[in-house]
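Trainee: The following comprises the amino acid sequence and a computationally predicted model.
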Amino acid sequence: MRNRRVRTVFSFVGILATLVLLWEGYKAMGAATGGTWPFTDVELPIRTNERSMPHVWDIVSTLFSEAQRGRDELLVTVLLKAALFTFRSALIGFTVGSLVGFGLGVLFVRSGLAERGLMPYVVASQTVPVLAIAPILVVWSGRLDLPIWVPVGAISAYLAFYPVAISTLRGLRSPEATSSELMRSYAATPNQVLFKLQIPAAMPYLFPALKVAATASIIGAIVGELPAGIREGLGRAILSFASSFSSAPEKLFASVLVASLLGIVFVALVTLVERLTIPAGNRLDPNELAMAGQGGAA
Amino acid sequence: MMKKSWRLLAVLAVLALVVAACGGEADGEGTDETSATTAAQNGDASGGDLTPVSLQLQWFAQAQFAGYYAAVAEGFYAEEGLDVTILEGAVDIVPQQVVATGGAEFGIAWVPKALVSNQEGAGLVNVGQVFQRSGTLMVSWADSGITEPADWAGKTVGNWGFGNEYELTAAIEQFGVEGVNLVSQNFDMEGLLTRELDAAEAMIYNEYAQVLEAVNPDTGELYQPEDLNVIDFNEVGTAMLQDSIWVTEDYVANNGDTIEAFLRGTFKGWIFCRDNADACVQHVLDAGSTLLTGHQTWQMNEINALIWPSAGGIGVMDKALWDQTVEVATTQIPELAGVSIPEGSYTTEFAEAAVAALNDAGLDTAGANFTKAEVTVTEGGE
C-alpha cells in the first residue's frame, strides 16, 4: 500500500519533469536550429519564441508576482479566487447535471419507450456546440431576470449530464440475468429491483462518469462565463489575458495552468468520495468498465 | 454495518467541506454589474429617488469606458438623479441588440455597426457621439517602406473582419490600390510580430500598444515607435465614427429628460478622466483584477485623445464626420449597399443641451487645450 503511494508520487513528479523537459527541449531545439526541424528546412509546427512558448520558469514566476502594479495581490491569488468562483458554478452544474443524468438513466431502464424516444435528443444535445447554446441561455435568463449564475450553471449541467446518463443506464443494466431472475422469483417489485439490485450494481459505473462530468462541468462553467460577462471567474481571466497575449503570454499560460489544476482537484474530490463509498474490490477502472459493460449489455 | 455508516459520514463530511468552501461568499455575491450604489457607499449619492437605468458596454471593463466608470464611482450619475448599472460586454454580446430588445436603456456601439443593426430593424438613435475620431490604424514595420495606402499594393494586409475592415477596404478603393492580399487577422499582433503580415490592423489604444509592450528579440529591448509605420484612417479620410451612445426611438420620444441627465453625468465622467487620467485608470482597474496597469494607463491617454478636443462640445455629432461615416458605410458594407440612412439616425438635441448645462456650470466641454500626456510603455503592459 505504502509502496504504491510512493510510486504514484514518483510517477507524477516524473511525468511533470518529463513534460517540462520536453517543453524546454523543444524550445532549445528551435533556438538552435532557427525554428526548423534539425538538419531540414521544415518549419516547426509551433514557434519556439518567448511569445508562443514562454519558459516554464517565467510562467511559474509570473504566478508569484503581483497581478496588478501597485497592488499587493499575487497573480496566483487572483487566479485561485477566480478558480473558486468558477468552481462554484461548476459545482451547481455538476450536481444538477448528475442528478438529471442519473434520472434519465433510471427512466430509460424502466421504459424502453422513453429510451427509444428520448435517446436521439440526448445524443443530439451533445453535438450542438456549447458555444452556440451559451449565448441563447444567457439571453433567455436575462429576459426572465434570473440571477447570472443560473445560465452558467445550466450550461455547465448541459455538458455534465450526458456521461452520467449513459453510464447510469449501462450500470443499471449490468446485473447478471441470474440476479434479476432471483429477484423476480422473490416477487420483488420493480422498485425493489431498482433499489436493491440495479442501483448498487450501477455505482461502480457511476463514478467514472462523474469524473468525466466533473471536468465537463468546469469547461461548461468557463465557457458559460464568456457570454454572461461574469467578471470574477476563470473565463474572464483567460479572455483578458488572451487579449494581451502578444505582450504578456506567460499570464495566459498561468491562467490555463490554474484552470487545469481546478479540474484535477475536482476529479480528485470525486475519487475521494468514490473511495469512501465503494469498497476497493468493486471499483472499476476505465478498462474494466468497457469489458464489464459488454457483459452487462448482453 | 458500523463500517458502512462510517463511510457515509466521511462522504457527508467531504461534501460539507466542499459546500462550505464554496458557499462562503455565495450570499449577496455580486455579478458583473457596477452600480451607482458604489457611489452611494462613497457618500456621494443622496440615495432615495434615483432613476435606475443600465448601460451596455461592447467589452469588459477597460479604459475605453473609463468615463462611464468614473461617472458611477465619482457620483456624477447620482448627482443627475440616476442609478446607472454598467453591464460589461462579453463574447457574443452586441450592445445595440441588447438595447433594441430592452436589456438596457443605453448602449455603446460603433456607428457603422449600429447602422447595420438599424437596417435589420433595431430602430436605434445616436444621442451622443463620444469619440470624435476613429481609433483604427494600419501598422507596418518601418523597414517595409509602407507609409501610405498606395504602398499596400502587392502586400499582405491583415484585417479583423466582422465589420472591422471597412475603413481599410474604403481606403483601398479610394486610392485605387491594386493587388492587395487581404487576409484575416486574429485580434492580436502576432501576424505583424512574426512578419507574416506586411501591415496589420490595430486600435491605437490596444493592439498598437501591445506591439510597443513586446520585447524585440534582436535588441532585447521593447519595440520602439520608430520601428513602426502607422497609417491613420482619420488622415486617410475613410475613418468611421466609433464609440457612441445609442437608445431606442421610443426612448427618445418618451424619456428625453433621462437621456439628457445621462449625458450630463457621462460627459462629467469624461471631463473628469481628461483632467484626472490616473484616478480614472484606478477606477477601471478596480473593475477588473486581471487588467494590466501599464496597458490601461496607455489606453486612457489614447482614449482621451479620441475624445478631446471636441470642437462642438463633447458628444455633439460633427455632421461632416457623420456624412463621411455614412458614405463609407453605404459603399463598403454589403448590408448597407445603396441604403439611404434616415435623417433621424442621430440627434444632437440632448448632447447640445447637456453641453450647454455643463458650460453654464463652468466645466470645459470642448477641451480645446488638450494635449496627450507622455505615457511610458511597460514591458508586457504591467
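Mentor: Structure received.

Trainee: The chain - how does it break down into domains?
Mentor: Here I'm looking at chain A. A:1-53, A:54-297 (automatic domain parsing).

Trainee: That was the other one, I meant chain B.
Mentor: B:33-133+B:240-381, B:136-236.

Trainee: hang on, the earlier thing: let me know which of the domains of chain A is tucked in deepest.
Mentor: domain A:54-297 (a mean of 19; mean count of other C-beta atoms under 10 Å in any protein chain shown). Just so you know, the C-beta spots here come from the backbone N, C-alpha and C atoms, and that holds for glycine as well.

Trainee: now that one, how far from the centre of its chain.
Mentor: 5 Å (C-alpha atoms, centre = their mean, to the nearest Å).

Trainee: can you tell me the average pLDDT over it?
Mentor: The average pLDDT for domain A:54-297 rounds to 87.

Trainee: just to confirm, which helix or strand has residue 246 in it?
Mentor: Answering for chain A, as no chain was given. For residue A:246, there is no host helix or strand (DSSP states H and E).

Trainee: meant chain B, my bad for not saying
Mentor: strand B:244-248.

Trainee: Direction included, what does that strand pair up with?
Mentor: strand B:106-109 (antiparallel), strand B:124-128 (antiparallel) (DSSP bridges).

Trainee: still on that earlier bit, is it possible to get TSV of the domains of chain B that adds distance to residue A:101 and mean neighbour count?
Mentor: Formatted as TSV, those follow (distance: least, C-beta to C-beta, whole Å; neighbours: other C-beta atoms under 10 Å in any protein chain shown):
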stretch	distance to residue A:101	mean neighbour count
domain B:33-133+B:240-381	27	20
domain B:136-236	37	18
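
Trainee: Could you dump these into CSV and include distance to residue A:195?
Mentor: CSV is the format used below for these (distance: least, C-beta to C-beta, whole Å):
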stretch, distance to residue A:195
domain B:33-133+B:240-381, 44
domain B:136-236, 55
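
Trainee: what's the closest of those domains to residue A:154?
Mentor: With C-beta to C-beta as the criterion, residue A:154 lies closest to domain B:33-133+B:240-381 of those, at 15.9 Å.

Trainee: Does anything pack onto the host helix or strand of residue B:209? Which helices or strands?
Mentor: Residue B:209 belongs to helix B:207-212 when assigned by DSSP H and E. Where contact means 3 or more C-beta pairs under 8 Å, 6 or more residues apart in numbering or on different chains; DSSP states H and E, helix B:207-212 is packed against strand B:136-141, strand B:199-203, strand B:228-232, helix B:293-307.

Trainee: Only alpha carbons, please: show the very next helix or strand once past the third one as CSV.
Mentor: Read it as strand B:228-232. In the C-terminal direction, the helix or strand that comes right after strand B:228-232 (DSSP H and E) is helix B:233-236. Only the C-alpha atoms of helix B:233-236 are listed here, as CSV (Å, rounded to 0.1, in the frame of the first residue of the first chain):
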residue,chain,number,x,y,z
PHE,B,233,-7.6,56.4,-41.2
ASN,B,234,-8.5,59.8,-39.8
GLU,B,235,-5.8,61.2,-42.0
VAL,B,236,-6.6,58.9,-44.9
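
Trainee: Helix B:233-236: how far from the chain's middle?
Mentor: Taking the mean of its C-alpha atoms, helix B:233-236 sits 19 Å from the chain's own mean (C-alpha atoms, centre = their mean).

Trainee: got it, and stretch A:23-39?
Mentor: The answer for stretch A:23-39 is 33 Å, by C-alpha atoms, centre = their mean.

Trainee: Now the residue sitting nearest the centre point of chain A: which helix or strand?
Mentor: Nearest to the mean C-alpha position of chain A, counting by C-alpha atoms, centre = their mean, stands residue A:215 at 0.8 Å. Using DSSP H and E, residue A:215 sits within helix A:199-228.

Trainee: Which secondary structure elements does that helix sit against?
Mentor: helix A:75-110, helix A:130-143, helix A:149-172, helix A:234-243, helix A:249-277, helix A:286-297.

Trainee: Let's see that with 6 Å instead.
Mentor: Where contact means 3 or more C-beta pairs under 6 Å, 6 or more residues apart in numbering or on different chains; DSSP states H and E, helix A:199-228 is packed against helix A:75-110, helix A:130-143, helix A:149-172, helix A:234-243, helix A:249-277.

Trainee: Helix A:249-277 and the fourth one, what's the angle between them?
Mentor: Angle, helix A:234-243 to helix A:249-277, by axes from the mean of the first three to the mean of the last three C-alpha atoms, to 10 degrees: 150 degrees.

Trainee: List the neighbours of helix A:234-243 that are in contact with it.
Mentor: With contact meaning C-beta atoms under 6 Å, 6 or more residues apart in numbering or on different chains, helix A:234-243 is reached by A:82-83, A:86, A:222, A:225-226, A:251-252, A:255, A:259, B:290.

Trainee: quick check: angle from that helix to helix A:199-228?
Mentor: Helix A:234-243 and helix A:199-228 meet at an angle of 50 degrees, taking the same axes, to 10 degrees as the criterion.

Trainee: hang on, the earlier thing: closest to residue B:207 out of the domains of chain A?
Mentor: That would be domain A:54-297 among the domains of chain A, by C-beta to C-beta, at 7.7 Å.

Trainee: near chain B, which residues of the stretch 101-250 of chain A?
Mentor: Taking C-beta under 6 Å from any C-beta of the partner chain as the criterion, the stretch 101-250 of chain A approaches chain B at residues A:135, A:142, A:148, A:226-227, A:229-231, A:237, A:240, A:244-248.

Trainee: Out of those residues, which two sit at the greatest distance?
Mentor: A:142 and A:247 (33.9 Å).

Trainee: pLDDT of the strand holding residue B:246, averaged?
Mentor: So the average pLDDT for strand B:244-248 ends up being 97.

Trainee: Name the next helix or strand downstream of it, please.
Mentor: helix B:249-254.

Trainee: Just say helix, strand or coil for residue B:54.
Mentor: Counting by DSSP: H, G, I helix; E, B strand; the rest coil, the backbone at residue B:54 sits in strand.

Trainee: Find the nearest non-adjacent residue to residue A:126, please.
Mentor: Computed as C-beta to C-beta, 6 or more residues apart in numbering or on different chains, the closest residue to residue A:126 that is not its neighbour in sequence is residue A:162, at 5.1 Å.

Trainee: my guess is that neighbour contacts residue A:128, does it?
Mentor: No - counting by C-beta atoms under 6 Å, residue A:128 is not a contact partner of residue A:162; they are 11.6 Å apart.

Trainee: so what's the closest residue to residue B:245 other than its chain neighbours up against?
Mentor: Counting by C-beta to C-beta, 6+ apart, residue B:245 lies nearest to residue B:128, which is 3.9 Å off, once chain neighbours are set aside. When contacts are counted by C-beta under 6 Å, 6+ apart, residue B:128 is found next to B:245, B:263, B:315, B:351.

Trainee: same deal with residue B:261?
Mentor: B:80-82.

Trainee: Return the closest of these with respect to residue A:10.
Mentor: residue B:82 (62.8 Å).

Trainee: do you know how far that closest one is from residue A:145?
Mentor: Distance, residue B:82 to residue A:145, by C-beta to C-beta, to the nearest Å: 20 Å.

Trainee: send the alpha carbons of stretch A:3-13 over as CSV?
Mentor: Output in CSV follows, covering the C-alpha atoms of stretch A:3-13 (Å, rounded to 0.1, in the frame of the first residue of the first chain):
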residue,chain,number,x,y,z
ASN,A,3,4.9,1.3,-1.6
ARG,A,4,2.2,2.0,-4.2
ARG,A,5,1.6,5.5,-2.9
VAL,A,6,5.3,6.3,-3.1
ARG,A,7,5.3,5.0,-6.7
THR,A,8,2.3,7.2,-7.5
VAL,A,9,4.0,10.3,-6.2
PHE,A,10,7.2,9.4,-8.1
SER,A,11,5.4,8.8,-11.4
PHE,A,12,3.5,12.1,-11.0
VAL,A,13,6.7,14.1,-10.4
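
Trainee: Low-confidence regions, chain B specifically.
Mentor: Within chain B, the segments meeting pLDDT under 70 span B:1-4, B:19-48.

Trainee: could you redo the last one with a cut-off of 80?
Mentor: Applying pLDDT under 80 to chain B picks out residues B:1-48, B:91-92, B:289.
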